[in-house]
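Trainee: here are the coordinates; sequence isn't available:
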C-alpha cells in the first residue's frame, strides 16, 4: 500500500499521457500516422487524400508475375546480361501470361468434376527397375533399387534424327494402320487405343529444336553425350474424354508396349497450369540395331483444349520477349529458356530448405560439392548420404526427383544450384575480360597473375 501511494504521488512521464491519448484513437488511424505527424483527435478523421498518400497501394503479385520473375532470373543466370524493363513492357509481358493461366484454370475447374480426376492426380510417377519391374519412383528409391538408365543408345544427333523418322512411321502404323500421318491431323478411334477420342502426331523434332533443348537441359551435366537424353525425337499424342478413360488407356499402353517411364504431371502442374501424362516406351524395330525410346503424351480433353487455346497467348508472349533482346544474337535461345521455365514446376519448399542447409553447414553449395569428391556428377547414394548428414533424410527422394535426376540417375552442380555456377562463370569471364586476355592459351598467364603472392597446397588448383 505504501508503494502504491508513493507511485500515485510521483509525476507520470510524458509518454504515458501520450499513450493514454492514443488508446482513444482507433488502431487503423494509429497505423496510418507517419513519423513526425501528430495523431488526429478522437472525433477527427484523417482526410481521404492523406490516407491514400500515407499507405501506397501494394502491387498485386499473381502467378503471371511470379512466372515472369522466374523467366528473367533464368535468363540472367544463363546469359549474364540484365535488361531494364519499363512498367509498360512488364505489363505487356504479363497480360498474355495471365490469359494463358486463366485458360488452364478454367480447364482445371471443369476437369476436377469428371470421373477419375482425384485418382489420376494421386497416381505416382513410375520407373523401370532391373529391366522388369515398373515401380513408383519413390518406392524404388526407398527400397535401395537403382533404376534403369534412360537414354538413347546412339550419341550422334544425325543418326538419332534419322532413326527417329523411321520409328515415328512404324509407331503411327501400329496405332492407326494406313498412310503416313500429317502433322497435327486427328485420327479418330485409334485401333490400339479404343479409350481415346483421337490420336495426333506433332511430327519428329527438328534438328534446331533438338540442339537447343540438348544444350539448355543436358549440356551442363553430360557435355558431348547430351543428345542421348532427348526422349521426344519421335512422339505421339492421345486425347481422352475423361481422366478415368485416360487411366484405362495408360493400362492399354502397358499391355502393348515396353514402358520404361511414366511421368504424371496431373499431380504437379507446370507454371502455366498445364497437366498431362508423359509415357516413354522402348521400341525394338527390325533393321535398327539399337532400341529407340518414343514419347507418348496423354491428355484429358479439357486440358488438350486449354493447350490449344493458350497457344496464341504463349506465342504472343514469346514474341514480345524476343523484341526486348532484338539486338542480341542469342534472343532465340532466350525464347527457349522461357519455354523451359514455363514447362517446369516451381521449386518446392523441401528443395529450398535443402539448399539453405547446405549453405549453413558447408558455407556454399560449391564448398559442399568439393567436400564430396568434386566430381562432375553426384550419384543417388552420395546424395542420400548428404541428406542424412543434414538431418532431412525423409525428403531425399522428393528432392532427388525434383532436381531432374529421375531419368539420368545423377545430378550436376548446375542442377543443384544453378545460381552458384552462374556466378562462378561470370567471375571467370570478368577476370579474363579485365585482364585483356580473351581466349586461347593466354589464360594460363591470367592464372599466374591470380596466384601472384599466393602459395597453394596443390600447384594446379587454387
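Mentor: Received, thanks. Being a predicted model, the structure only gives us computed values, none of them experimental. Numbering: from 1, shown residues only.
Trainee: Compute the number of surrounding residues for residue 349.
Mentor: Neighbour count of residue 349, defined by other C-beta atoms under 10 Å: 9. Heads up, the C-betas are built off the backbone N, CA and C, glycines and all.
Trainee: give me the low-pLDDT residue ranges for the stretch 1-150 of the chain?
Mentor: Applying pLDDT under 70 to the stretch 1-150 of the chain picks out residues 1-60, 80-83, 144.
Trainee: As a check, name the ranges of all helices in it.
Mentor: 2-9, 14-23, 27-30, 48-54, 63-79, 87-111, 117-122, 137-142 (DSSP state H, counting those that start in this stretch).
Trainee: For residue 411, which three-state class applies?
Mentor: Taking DSSP: H, G, I helix; E, B strand; the rest coil as the rule, one finds residue 411 in the strand state.
Trainee: what's in contact with stretch 201-210?
Mentor: Stretch 201-210 has contacts (C-beta atoms under 8 Å, 6 or more residues apart in numbering) with 157, 160-161, 164-165, 168, 172, 181-185, 213, 227, 230, 232-237.
Trainee: what does the model give the most centrally placed residue in the chain for pLDDT?
Mentor: Nearest to the geometric centre of the chain sits residue 344, at 3.0 Å (C-alpha atoms, centre = their mean). In the predicted model, residue 344 carries a pLDDT score of 87.
Trainee: Show me the helices in the stretch 301-450 of the chain, by range?
Mentor: 301-324, 331-343, 349-362, 365-371, 380-389, 396-400, 413-416, 418-435, 443-450.
Trainee: would you turn those into JSON lines with distance to residue 456?
Mentor: Below are the helices of the stretch 301-450 of the chain laid out as JSON lines (distance: least, C-beta to C-beta, whole Å):
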{"stretch": "helix 301-324", "distance to residue 456": "43"}
{"stretch": "helix 331-343", "distance to residue 456": "36"}
{"stretch": "helix 349-362", "distance to residue 456": "20"}
{"stretch": "helix 365-371", "distance to residue 456": "14"}
{"stretch": "helix 380-389", "distance to residue 456": "26"}
{"stretch": "helix 396-400", "distance to residue 456": "34"}
{"stretch": "helix 413-416", "distance to residue 456": "21"}
{"stretch": "helix 418-435", "distance to residue 456": "16"}
{"stretch": "helix 443-450", "distance to residue 456": "10"}
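Trainee: Which of the three states applies to residue 239?
Mentor: Classified using three-state DSSP, residue 239 is strand.
Trainee: Numbering from 55 from now on, please.
Mentor: Fine by me, first position is 55 from now on; the one you just mentioned is residue 293.
Trainee: now residue 281: how far from residue 182?
Mentor: 21 Å (C-beta to C-beta, to the nearest Å).
Trainee: repeat for residue 309
Mentor: Taking C-beta to C-beta, one finds residue 309 at 15 Å from residue 182.
Trainee: try residue 154
Mentor: Residue 154 is 34 Å from residue 182, where distance means C-beta to C-beta.
Trainee: give me every residue that touches residue 338.
Mentor: Per C-beta under 8 Å, 6+ apart, neighbours of residue 338: 312, 345.
Trainee: how far away is it from residue 207?
Mentor: Residue 338 sits 11 Å away from residue 207, going by C-beta to C-beta.
Trainee: Residue 356 too?
Mentor: In terms of C-beta to C-beta, residue 356 sits 38 Å off from residue 207.
Trainee: cool, and residue 184?
Mentor: 19 Å.
Trainee: part of a strand, is residue 352?
Mentor: Yes - counting by three-state DSSP, residue 352 is part of a strand.
Trainee: Bridging across strands, which residues link to residue 187?
Mentor: When assigned by DSSP bridges, residue 187 has beta-bridge partners residue 183.
Trainee: An error on my part: the question was meant for residue 315.
Mentor: residue 181, residue 334.
Trainee: That one contacts residue 348, doesn't it?
Mentor: No - using C-beta atoms under 8 Å, residue 315 is not in contact with residue 348; the gap is 11.4 Å.
Trainee: more crowded one of residue 309 and residue 182?
Mentor: Under the neighbour definition other C-beta under 10 Å, residue 309 and residue 182 were set side by side, and residue 182 has more, 21 against 8.
Trainee: What are the neighbouring residues in contact with the more buried one?
Mentor: Per C-beta under 8 Å, 6+ apart, neighbours of residue 182: 188, 201, 202, 313, 314, 315.
Trainee: Look up how far residue 471 lies from residue 334.
Mentor: Look at residue 334 and residue 471: by C-beta to C-beta, they are 28 Å apart.
Trainee: Same drill for the two, tell me which one is more crowded.
Mentor: residue 334 (22 against 19).
Trainee: re the thing from before, excluding residues flanking it in the chain, which one is nearest the residue nearest to the centre of the chain?
Mentor: Leaving aside its sequence neighbours, residue 398 sits nearest to residue 324 (C-beta to C-beta, 6 or more residues apart in numbering; 6.2 Å).
Trainee: what number of residues lie near the one you found?
Mentor: The burial count for residue 324: 17, using other C-beta under 10 Å.
Trainee: Could you do residue 155 as well?
Mentor: Neighbours of residue 155 (other C-beta under 10 Å): 20.
Trainee: How about the one 3 residues further on?
Mentor: Residues within reach of residue 158, counting by other C-beta under 10 Å, total 24.
Trainee: Distance of it relative to residue 268?
Mentor: 28 Å.
Trainee: just residue 299 next, same as before
Mentor: Taking C-beta to C-beta, one finds residue 299 at 35 Å from residue 268.
Trainee: Neighbour count for the two, which is higher?
Mentor: Between residue 299 and residue 268, counting by other C-beta under 10 Å, residue 299 is the more crowded of the two (21 against 18).
Trainee: Verify the contact between the more buried one and residue 247 for me.
Mentor: No - using C-beta under 8 Å as the test, residue 299 is too far from residue 247 to be in contact (9.9 Å).
Trainee: rewinding a little: find residues that contact each of residue 315 and residue 348.
Mentor: residue 334.
Trainee: these two touch, right, residue 228 and residue 246?
Mentor: Yes - contact criterion C-beta under 8 Å: residue 228 and residue 246 qualify, at 6.2 Å.
Trainee: Looking at the two, which is more packed in?
Mentor: Higher neighbour count among residue 228 and residue 246: residue 246, with 18 against 15, using other C-beta under 10 Å.
Trainee: quick one: the more buried one is in a helix?
Mentor: No - counting by three-state DSSP, residue 246 is not found in a helix; it is coil.
Trainee: where does it sit relative to residue 486, distance-wise?
Mentor: For residue 246, the distance to residue 486 - C-beta to C-beta - is 56 Å.
Trainee: go on, residue 167?
Mentor: Distance from residue 167 to residue 486, by C-beta to C-beta: 59 Å.
Trainee: Between these two, point out the one with more neighbours.
Mentor: Legend: neighbour count by other C-beta under 10 Å for residue 167 and residue 486, higher for residue 486 (15 against 8).
Trainee: In contact with residue 266, which residues?
Mentor: 386, 387, 390.
Trainee: what helix or strand is the residue nearest to the second one when sequence neighbours are not counted on?
Mentor: The spatially closest residue to residue 387, leaving aside those adjacent along the chain, is residue 266, at 6.6 Å (C-beta to C-beta, 6+ apart). Here residue 266 is covered by helix 261-271, with elements defined by DSSP states H and E.
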